[in-house]
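In: A predicted structure for the sequence below; I have some questions about it.
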Amino acid sequence: MIFDSHAHYDSEQFDIDRDELLSSVLPQKGVVAVINMAADYESLKKTVALCEKYDYIYGAVGIHPECANDLPDNWLSDVEALLSHPKIVAVGEIGLDYHWEDECPREKQKEVLIAQLELAKKHDLPVVIHDREAHGDMMDILRKYKPKGVVHCFSGSAELAQETVKLGMYIGLGGAVTFKNARRPIEVAAWVPEDRLLIETDAPYMTPAPFRGKRNSSALIPYTAEKIAQVRGMTPEQVLRMTRENAERLFGVVCPA
Ligand code: NI
């Protein structure tokens with residue numbers, strides 16, 4: 001039973017076969033829950049539509065740092081209005097991305113992130129954090145605002161993971177643990193406490209080996225689980241159960257038994 005804590009099934013890369021994938025392929029592969037992440041303003045409504053169409057899909061709504069420029073004036077109240085939807089379980093994905101700072105300057109990224117952290121706190125919801133090449137500023141902000149939630153596709157060191165866990169947050173790991181030069185994600189995978197690890201795809205991105213370069217989907221999570229199991233001395237089934245229980249706890253989602 002697979003709980004994919006982070007995917008983007010509204011992506012146009014799924015336009016050709018989305019319904020087939022979500023209504024039959026993934027359930028047949030044992031996928032019992034997916035959290036679909038909004039990213040740009042248009043994806044807010046698309047995420048809600050996916051939640052309403054498929055029982056096992058839940059949603060996070062928020063604005064990704066790469067998409068934080070040129071938002072309509074009412075963007076924050078539009079996000080807030082969706083938080084009362086019964087299948088919207090988090091604010092995400094939100095964060096800082098200094099790799100793409102040309103898309104949106106750092107100060108603007110911080111402003112949009114902080115507004116959404118405050119929104120999540122107000123509604124007592126977890127956040128899904130994206131942190132790319134911004135570890136220092138992100139840790140400062142997490143220390144200050146103390147959200148509950150997950151840092152997804154965790155790319156920092158084991159030390160940074162320890163600090164993140166100490167703040168009460170979860171660590172999300174995906175296909176990167178299977179990459180040939182994965183040193184940090186492997187150290188993190190070996191270290192994370194049993195009750196703080198989530199597994200994810202970030203589909204259509206971050207496809208695990210041996211399928212790198214192809215489109216990712218939740219059906220490929222077993223490859224990631226196998227690698228995590230190997231470095232932790234567990235079975236893949238144990239990794240899938242542990243990460244499912246953690247995701248259920250964090251997002252308040254109960255999967256069918
Ligand atoms: Ni993502």
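Out: That came through fine.
In: where's the residue lying farthest from the centre of the chain, which helix or strand?
Out: Distance to the chain centre peaks in the chain at residue 73, reaching 26.0 Å (criterion: C-alpha atoms, centre = their mean). Residue 73 is part of no helix or strand when elements are defined by DSSP states H and E.
In: ok, now residue 51?
Out: Going by DSSP H and E, residue 51 is in helix 41-53.
In: so which elements touch the next helix or strand after that helix?
Out: Using DSSP H and E, the helix or strand that follows helix 41-53 towards the C-terminus is strand 57-60. With contacts defined as 3 or more C-beta pairs under 8 Å, 6 or more residues apart in numbering; DSSP states H and E, strand 57-60 has these neighbours: strand 31-37, helix 41-53, strand 88-97. Glycine gets a C-beta too; all of them are placed from N, C-alpha and C.
In: what are the pairing partners of the shortest one, and which direction each?
Out: Spelled out, that is strand 31-37. strand 2-7 (parallel), strand 57-60 (parallel) (DSSP bridges).
In: ok, back up a step: mean neighbour count and distance to residue 81 added to the helices and strands packed on strand 57-60, as CSV?
Out: CSV is the format used below for the helices and strands packed on strand 57-60 (neighbours: other C-beta atoms under 10 Å; distance: least, C-beta to C-beta, whole Å):
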stretch, mean neighbour count, distance to residue 81
strand 31-37, 26, 18
helix 41-53, 18, 9
strand 88-97, 27, 10
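In: CSV for the ones you listed, including distance to residue 213?
Out: Shown next, in CSV, are the helices and strands packed on strand 57-60 (distance: least, C-beta to C-beta, whole Å):
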stretch, distance to residue 213
strand 31-37, 22
helix 41-53, 24
strand 88-97, 22
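In: residue ranges of the strands in this protein, please?
Out: 2-7, 31-37, 57-60, 88-97, 127-132, 149-151, 170-173, 197-199 (DSSP state E).
In: got a markdown table for those strands, with distance to residue 18 too?
Out: As requested, those are exported to a markdown table (distance: least, C-beta to C-beta, whole Å):
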| stretch | distance to residue 18 |
| --- | --- |
| strand 2-7 | 12 |
| strand 31-37 | 11 |
| strand 57-60 | 11 |
| strand 88-97 | 20 |
| strand 127-132 | 21 |
| strand 149-151 | 25 |
| strand 170-173 | 23 |
| strand 197-199 | 22 |
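In: of all these, which one is nearest residue 186?
Out: Evaluated over the strands of the chain, closeness to residue 186 peaks at strand 170-173, with 9.5 Å, by C-beta to C-beta.
In: OK, contacts around residue 128?
Out: Residue 128 makes contact with 6, 35, 37, 60, 62, 90-94, 149-150, 152, 172, according to C-beta atoms under 8 Å, 6 or more residues apart in numbering.
In: in CSV: these, plus distance to residue 189 and pLDDT.
Out: CSV is the format used below for the contacts of residue 128 (distance: C-beta to C-beta, whole Å; pLDDT from 0 to 100):
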residue, distance to residue 189, pLDDT
6, 16, 98
35, 20, 98
37, 21, 98
60, 23, 98
62, 26, 98
90, 22, 98
91, 26, 98
92, 21, 96
93, 21, 97
94, 24, 98
149, 19, 98
150, 15, 98
152, 14, 97
172, 11, 98
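In: residue 257: which of the helices and strands packed on strand 57-60 is closest?
Out: strand 31-37 (9.5 Å).
In: so residue 200 is in contact with residue 173, correct?
Out: Yes: between residue 200 and residue 173 there is a contact under C-beta atoms under 8 Å: 7.1 Å.
In: quickly list what's touching both of the two.
Out: What both residue 200 and residue 173 touch, as defined by C-beta under 8 Å, 6+ apart, is the set residue 153.
In: excluding chain neighbours, what is closest to residue 142?
Out: Nearest residue to residue 142 in three dimensions, chain neighbours excluded: residue 167, at 5.6 Å (C-beta to C-beta, 6 or more residues apart in numbering).
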